[in-house]
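> Predicted model and sequence below, questions to follow.
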Amino acid sequence: MARRTLIITYLTTYLLAVGSVIRYLVHFRDDRSWSFTLLLGVYLVLLFSEPIFFRRHRPLTYIYLVFQMAIISMLATMEPNVDYWAALAIPLVVQIMHYFPQRTGFIIVGIITVIMAILMIIGPSPEVGLPLILIYTVIYFLLASFIALIQEAEAASEESQKQQAELQNAHRQLQSYTTQAGELAVLDERNRMARNLHDSVTQTIFSMRLTAEAANMLLDQNPAKARAELDKLQLLAKSALAEIRSLVFELRPTAVTELGLVPALRHHLMTLEREHGLIVDLQVSGELHLRDVEARQLFRISQEALNNVVKYAQTDTACLILSFEGNRVFLQVEDQGIGFEPAKLTTARDHIGLTSMKERVEAMGGVLTIDSHPGQGTRVTVEVTSTEKEGNDGQD
């Protein structure tokens, strides 16, 4: 739009210059007409060739302006009683403001205005020249300001298009990064599941195999020990089943996104009570303010902590506390089971549940604390800072 307006302005001022030339030639028909014709012809040739030849090099542009003003000054001195020549400077104002920076352009336009004023003073009488000086000064600077506004609008449009292109490019990059992040998250989750299968379920099944072989060897020699081994085998099978169910549950689409964190936790606690006889007291306080990814991570941490209670705590009760204070979130899973000594965990199988929780907490930028002693139960505490506050989601 701005470029089209500039082109129209160029055409208009060029037509104005041609009209002034025609007015000159029609008005003056004496012996000097050949000199007028020659000067006006040179003026027109220079005027229309300026965008092609002179604008490419600034020194040539200055020479062009000097020649044009010299022609206009000669026309003014040859016929001092008319002001047609002053209109010939109007296209020059457009060219100057289009080519030069605004500050330089206004300075050159001011110089042209001063030259025009001097020619008006020494030409027509003061009562005629002074009003013409005022009129043409206003015309020159109004036109210069108009061209400056057009250029600013054009520059703003180009900058807007550039920013829009950059935003579109950034949007495409963000989509690409989001896709990559999603793929990395899926890969990380698969790797974690693979570690769980290898370090937990696989080793449990291997222990079951060794226990079954031992029971088979003792079956005839020592039935009592064989029966003890079979009881151990039954416990290992129960543990393996619980681990497999837990892993299968994690592979399913999480209910957190559909139900919300608290309803999903309640549903999971009902499953634990039905399948394992573990009764969990759920306590929730504060206003829920979690992003979906944070809610899912806290759900998985709770699930893993409770799974450890089922497998190792030898208790049928536990307590899960979920507290929201400002943008801080506290999660605590506590039981009064047999407990353990965290410093004495050495094997990958011992570490697998805690390692999984630690990885999830670190991914959220939080802190995981484990407090446990033999015979005194276990307390798992997670503290994270939420990055979004979304309200209660209708949960209580």
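Cool, the structure landed.
> All the strands of the chain, residue numbers only.
279-285, 317-325, 328-335, 367-372, 378-385 (DSSP state E).
> Select, out of these, the one closest to Arg172.
strand 378-385 (30.9 Å; C-beta to C-beta). For the C-beta atoms, the positions are set from N, CA and C on the backbone; glycine is no exception.
> Select, out of the strands of the chain, the one closest to Leu261.
strand 317-325 (7.7 Å).
> Identify the residues contacting that closest one?
By C-beta atoms under 8 Å, 6 or more residues apart in numbering, the residues outside strand 317-325 that reach it are 261-262, 265, 269, 278-289, 298, 302, 306, 309, 329-336.
> Show me the helices in the stretch 201-350 of the chain, by range?
202-221, 223-251, 256-259, 261-276, 292-308, 348-363 (DSSP state H, counting those that start in this stretch).
> between those helices, which one is nearest to Ala87?
helix 292-308 (70.8 Å).
> what helices or strands is that closest one leaning on?
helix 223-251, helix 256-259, helix 261-276, strand 317-325, strand 328-335, helix 348-363, strand 378-385 (3 or more C-beta pairs under 8 Å, 6 or more residues apart in numbering; DSSP states H and E).
> between these, which gets nearest to Val109?
strand 378-385 (60.8 Å).
> Give me the angle between the closest one and strand 328-335.
170 degrees (axes from the mean of the first three to the mean of the last three C-alpha atoms, to 10 degrees).
> Check the offset of strand 378-385 from the chain's centre.
32 Å (C-alpha atoms, centre = their mean, to the nearest Å).
> So which residues make contact with that strand?
Contacts for strand 378-385 (C-beta under 8 Å, 6+ apart): 294, 298, 301, 305, 308-309, 313, 327-335, 337, 339-340, 357, 361, 364-372.
> Adjacent strands (with direction) for that strand?
strand 328-335 (antiparallel), strand 367-372 (antiparallel) (DSSP bridges).
> If you count neighbours, what's buried in the longest one?
Residues of strand 328-335 classed as buried by neighbour count (16 or more other C-beta atoms under 10 Å): Val329, Phe330, Leu331, Gln332, Val333, Glu334, Asp335.
> out of the helices of the stretch 201-350 of the chain, which comes closest to Thr387?
Nearest of the helices of the stretch 201-350 of the chain (C-beta to C-beta): helix 292-308, 7.5 Å.
> Low-confidence regions, the stretch 51-200 of the chain specifically.
54-56, 80, 182, 185-186, 188-189, 191-200 (pLDDT under 70).
> Helices of that one, start to end?
58-78, 84-87, 90-99, 102-122, 126-196.
> quick one: the third one to chain centroid distance?
In other words, helix 90-99. 42 Å.
> Could you chop this structure up by domain?
2-167, 259-396 (automatic domain parsing).
> could you dump those to TSV with distance to Glu213?
Shown next, in TSV, are the domains of the chain (distance: least, C-beta to C-beta, whole Å):
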stretch	distance to Glu213
domain 2-167	67
domain 259-396	20
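> Of these, which is nearest Leu230?
Taking the domains of the chain one by one with C-beta to C-beta, domain 259-396 is closest: 19.7 Å.
> Enumerate every residue touching the spatially closest residue to Leu65 that is not a sequence neighbour.
Excluding its sequence neighbours, the residue lying closest to Leu65 (C-beta to C-beta, 6 or more residues apart in numbering) is Leu92, at 6.6 Å. Leu92 sits next to Leu65, Gln68, Met69, Ile112 when contact means C-beta under 8 Å, 6+ apart.
> Mind putting the helices and strands packed on helix 292-308 into CSV with mean pLDDT?
What follows is these, written out as CSV (pLDDT from 0 to 100):
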stretch, mean pLDDT
helix 223-251, 73
helix 256-259, 75
helix 261-276, 86
strand 317-325, 93
strand 328-335, 93
helix 348-363, 72
strand 378-385, 92
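> Which stretch among the ones you listed approaches Ser73 most closely?
Per C-beta to C-beta, nearest to Ser73 of those: strand 378-385, 76.6 Å.
> What residues sit buried inside that closest one?
Neighbour-count burial for strand 378-385 [16+ other C-beta under 10 Å]: Thr378, Arg379, Val380, Thr381, Val382, Glu383, Val384.
> export that strand as CSV, just CAs?
Extracted C-alpha coordinates of strand 378-385, given in CSV (Å, rounded to 0.1, in the frame of the first residue of the first chain):
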residue,chain,number,x,y,z
THR,A,378,9.1,-45.5,55.7
ARG,A,379,8.2,-42.0,54.7
VAL,A,380,8.7,-40.8,51.1
THR,A,381,8.4,-37.0,50.7
VAL,A,382,8.4,-35.1,47.4
GLU,A,383,8.5,-31.3,47.1
VAL,A,384,8.1,-29.6,43.7
THR,A,385,7.3,-26.1,42.4
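> any idea of the angle that strand forms with helix 292-308?
170 degrees.
> Could you work out the end-to-end span of stretch 70-87 for me?
14 Å (C-alpha to C-alpha, to the nearest Å).
> quick one: stretch 119-139 to chain centroid distance?
59 Å.
> OK, contacts around Gly277?
Asp316.
> From Ile370, how far out is it?
Separation of Gly277 from Ile370 (C-beta to C-beta, to the nearest Å) stands at 24 Å.
> Same check on Ile90?
In terms of C-beta to C-beta, Ile90 sits 85 Å off from Ile370.
> which of these two has more neighbours?
Per other C-beta atoms under 10 Å, whichever of Ile90 and Ile370 has more neighbours is Ile90, with 19 against 15.
> Isn't that one up against Ile139?
Yes. In terms of C-beta atoms under 8 Å, Ile90 counts as a neighbour of Ile139; the distance is 6.6 Å.
> circling back: dump the helices and strands packed on helix 292-308 to TSV, plus distance to Met74.
TSV is the format used below for the helices and strands packed on helix 292-308 (distance: least, C-beta to C-beta, whole Å):
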stretch	distance to Met74
helix 223-251	93
helix 256-259	84
helix 261-276	89
strand 317-325	87
strand 328-335	85
helix 348-363	83
strand 378-385	81
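> So for Phe36, which of those sits nearest?
Taking those one by one with C-beta to C-beta, strand 378-385 is closest: 84.5 Å.
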